[in-house]
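Undergrad: Mind folding the following:
(one chain, ligands or ions: 1)
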Amino acid sequence: MNDEEKYIARAERMITRWSGQRMPVTRKHTDEGDVLRHSPPATGELDADKHFYVEPPRALPVLATCEVLVVGAGPAGLSAALAAKRAGADTILLERFGCFGGVITTVGMETLAWYRYEGTVEGEGIGVEMERLAAQMGGAIKWPYNDSECLDADFFKVVADRLITEAGVRPILHCMAVDVIFEADSNRLKGIITESKSGRQVVLAKRVIDCTGDADIAHLAGASYRKTPKDKMLGMTTVFNASGVNKQKFLQYTEEKPATYADWSRTWAQETTGKENELRSPYLDQEFDTARELGVIPANSTNLGGSWSALSDAGEATNLNLAHMYGYDATDVMDLTAAEMQGRQEALHALMALKKVVPGFEDAKLRNFGMTLGVRDSRKIIGRYNLTSDDVRNQAKFEDSIGIFPEFIDGYNVLILPTTGRYFEVPYGCMVPLEVDNLLVAGRCVAGDMVSHAAMRNMMACTVTGQGAGVAAAVSVQQGTTTAEVSLDAVQAELQKQGVRLH
Ligand SMILES: Cc1cc2nc3c(=O)[nH]c(=O)nc-3n(C[C@H](O)[C@H](O)[C@H](O)COP(=O)(O)OP(=O)(O)OC[C@H]3O[C@@H](n4cnc5c(N)ncnc54)[C@H](O)[C@@H]3O)c2cc1C
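TA: Next up, the predicted model:
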């Protein structure tokens, strides 16, 4: 390096330090790799009570720029990204974990469409496409009592990879959205701040779709939302998988002791329309009472009971949805910590009970827990339109419909299965936050009351809002409007082109 080059390098280092950027400086080159050292952060300030630390300002590198950014890759996020890209937008799908699929792949919930008893009307679209592709690729097992598929949770990671690769969506994994960026003096979003192993960075986008399940982006952007009071929140669950199950012996047991949806009311009050009560349900519940009486599990393990789903010929029982926790808030890191640890313990209790009490499970062992706790309930935005119990129970129709969903309600003590052909339309307005523009919210955090959430939280419903939001974001970019002002005629035309049933 000559003197001039040394001077420029020093000046660059100083500018970088002043701007708060933390860039690696090569100290020494060796054959085993360069010796690197980052400049340490500038010092911020602790407030007097030591409750807050004020960070010094710093310049963040831009990781990527796109037209449509989808944050969160569950059923909603996958559908949103595929739909936006298919509608012509340069699209990024960004996810905090190392795989796409959300609750399917990270929690291990394989039952995407278990509600599909005879008489169900489907909305078609990307959700059904994902189910069919998983089955075609050999990554699904038939659900016990109707024509739907249980997705193999691990295999679905590959199905999702294939879908987004073939569509040309740009993937970013292991990356968490932690803040938002607005256009100057405006309520229009123009990107997010991320944290990952690469540090704190920025992704710029013309439109952002929040598919985080918890409405993280809407919350960070200052949009209004509601949270169900903790004592009424739907429970969290640690899903687990067992191996060493004697499938035939267990199936014989379920024939000798058949369960129906009426059995769900044994441990909690439940409203049905009556027709559900006779339908077979893959349900285990009384078995845990027996295990408690036998002293196999502690008397206070009272939140055990629920569904089994997929049984493989290799003796695996997956998607065991049996160990639940209540009174935890999924947006509180200490609640999440406690619930994760309690969930593993409760799941082990469930397995101990199955081994002792349920024929076919005698030699079963824990194969694995879902890689994270399953959360059903957290923030729901206040939208341009807030869905109601009446809408989802009474076949609501909307001019701004972006798809339909069968009359399937599961939660807050209501269970209605769509065996009658009844369905409701899903309005664009439930994805539009009031205070923030160029942001759409899809998936389980759309706007609505508790009973409407019991419908909209279902994975297929999340794919309906995901696809609707993806198309609307892409169309708004093409038309040069914001998401709040986008032409619904153009959005509906593109959705129909993509095979979605609107009415
Ligand atoms: C135990 C359990 C059982 C269930 N059973 C069924 C069932 O049988 N059938 C059914 O239809 N539904 C079921 N549900 C409901 C359904 O699974 C969820 O409501 C649905 O998956 C929600 O989809 P989503 O795309 O909105 O969010 P999710 O599937 O939760 O996906 C959100 C994604 O966003 C990512 N993310 C979150 N925050 C950030 C961030 N800040 N930055 C980057 N990424 C982020 C997450 O990692 C995740 O991948 C169940 C739910 C649970 C928990």
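Undergrad: which stretches of the stretch 401-503 of the chain form helices?
TA: Remark: helices assigned in the stretch 401-503 of the chain by DSSP state H, counting those that start in this stretch are 450-456, 459-479, 488-497.
Undergrad: swap that for the stretch 101-250 of the chain, please
TA: Counting by DSSP H, counting those that start in this stretch, the stretch 101-250 of the chain has helices at residues 126-136, 153-167, 216-221, 247-256.
Undergrad: So which of those helices is the most surrounded?
TA: With neighbours taken as mean count of other Cβ atoms under 10 Å, the helices of the stretch 101-250 of the chain reach their highest mean count in helix 216-221, at a mean of 24. For every residue, glycine as well, the C-beta is placed using N, CA and C.
Undergrad: Return that helix as PDB; C-alpha atoms alone will do.
TA: Presented in PDB, the C-alpha positions along helix 216-221 are these (Å, rounded to 0.1, in the frame of the first residue of the first chain):
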ATOM      1  CA  ASP A 216     -44.900  -8.100  14.500                       C
ATOM      2  CA  ILE A 217     -44.600  -5.700  11.600                       C
ATOM      3  CA  ALA A 218     -47.900  -4.000  12.200                       C
ATOM      4  CA  HIS A 219     -47.100  -3.700  15.900                       C
ATOM      5  CA  LEU A 220     -43.600  -2.200  15.200                       C
ATOM      6  CA  ALA A 221     -45.100   0.200  12.700                       C
END
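Undergrad: Give me every residue in the stretch 151-300 of the chain lying close to the ligand.
TA: Within the stretch 151-300 of the chain, the positions lying close to the ligand (Cβ under 6 Å from any ligand atom) are 176, 177, 211, 212, 213, 214, 216, 237, 239.
Undergrad: Using a markdown table, lay out these together with pLDDT.
TA: Supplementary listing: those in a markdown table, determined by pLDDT from 0 to 100:
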| residue | pLDDT |
| --- | --- |
| 176 | 98 |
| 177 | 98 |
| 211 | 99 |
| 212 | 98 |
| 213 | 98 |
| 214 | 98 |
| 216 | 98 |
| 237 | 98 |
| 239 | 98 |
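Undergrad: If you rank those residues by neighbours, which is first?
TA: Greatest neighbour count in those, by other Cβ atoms under 10 Å, goes to residue 211: 35 neighbours.
Undergrad: quick one: which of the residues of the stretch 151-300 of the chain next to the ligand is nearest to residue 374?
TA: Set against residue 374, the nearest of those by Cβ to Cβ is residue 237 (4.4 Å).
Undergrad: Show the contacting residues for that closest one.
TA: 107, 306, 321, 322, 323, 324, 325, 343, 373, 374, 376 (Cβ atoms under 8 Å, 6 or more residues apart in numbering).
Undergrad: quick one, phi psi at the closest residue to it other than its chain neighbours?
TA: Nearest residue to residue 237 in three dimensions, chain neighbours excluded: residue 374, at 4.4 Å (Cβ to Cβ, 6 or more residues apart in numbering). Per-residue torsions, residue 374: phi -90, psi 120 (degrees, to the nearest 10).
Undergrad: My read is that residue 374 contacts residue 238, right?
TA: Yes - the pair residue 374 / residue 238 is scored as a contact, 7.1 Å apart, by Cβ atoms under 8 Å.
Undergrad: With neighbour numbers in mind, choose between these two.
TA: Per other Cβ under 10 Å, whichever of residue 374 and residue 238 has more neighbours is residue 238, with 28 against 22.
Undergrad: separation between the more buried one and residue 291?
TA: Using Cβ to Cβ, to the nearest Å, we find residue 238 at a distance of 17 Å from residue 291.
Undergrad: and what of residue 284?
TA: On the measure of Cβ to Cβ, residue 284 and residue 291 end up 11 Å apart.
Undergrad: more crowded one of those two?
TA: Between residue 284 and residue 291, counting by other Cβ under 10 Å, residue 284 is the more crowded of the two (26 against 23).
Undergrad: surely that one meets residue 306?
TA: Yes - with contact defined as Cβ under 8 Å, residue 284 counts as touching residue 306 (7.1 Å).
Undergrad: Need the overlap of contacts for those two.
TA: Here residue 284 and residue 306 share the contacting residues residue 322, scored by Cβ under 8 Å, 6+ apart.
Undergrad: per the record, what domains does the protein have?
TA: Residue ranges for the domains of the chain, per automatic domain parsing: 68-230+379-497, 235-369.
Undergrad: tell me how far the longest one is from the chain's mean position?
TA: Read it as domain 68-230+379-497. 8 Å (Cα atoms, centre = their mean, to the nearest Å).
Undergrad: Could you tell me the end-to-end distance of it?
TA: Terminal residues of domain 68-230+379-497 are spaced 19 Å apart (Cα to Cα, to the nearest Å).
Undergrad: which ones are touching residue 400?
TA: Contact analysis of residue 400 by Cβ under 8 Å, 6+ apart lists 385, 427, 428, 429, 488.
Undergrad: That should have said residue 326, apologies.
TA: Counting by Cβ under 8 Å, 6+ apart, residue 326 touches 233, 235, 236, 303.
Undergrad: Out of those residues, which sit inside strands?
TA: The members of these that map onto strands under DSSP state E are residue 236.
Undergrad: picking that back up, the ligand is nearest to which of the helices of the stretch 401-503 of the chain?
TA: Nearest to the ligand, of all the helices of the stretch 401-503 of the chain, is helix 459-479, at 3.6 Å by Cβ to the nearest ligand atom.
Undergrad: related to what we said a few turns ago, now pLDDT and neighbour count too, for the contacts of residue 326, in CSV please.
TA: Formatted as CSV, those follow (pLDDT from 0 to 100; neighbours: other Cβ atoms under 10 Å):
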residue, pLDDT, neighbour count
233, 94, 20
235, 95, 18
236, 97, 26
303, 92, 20
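Undergrad: Pretty sure residue 289 is one of the things residue 299 touches, is it not?
TA: No - at 10.5 Å, residue 299 does not count as touching residue 289 under the criterion of Cβ under 8 Å.
Undergrad: okay, and the common contacts of those two?
TA: Listed as contacting both residue 299 and residue 289 by Cβ under 8 Å, 6+ apart is no residue at all.
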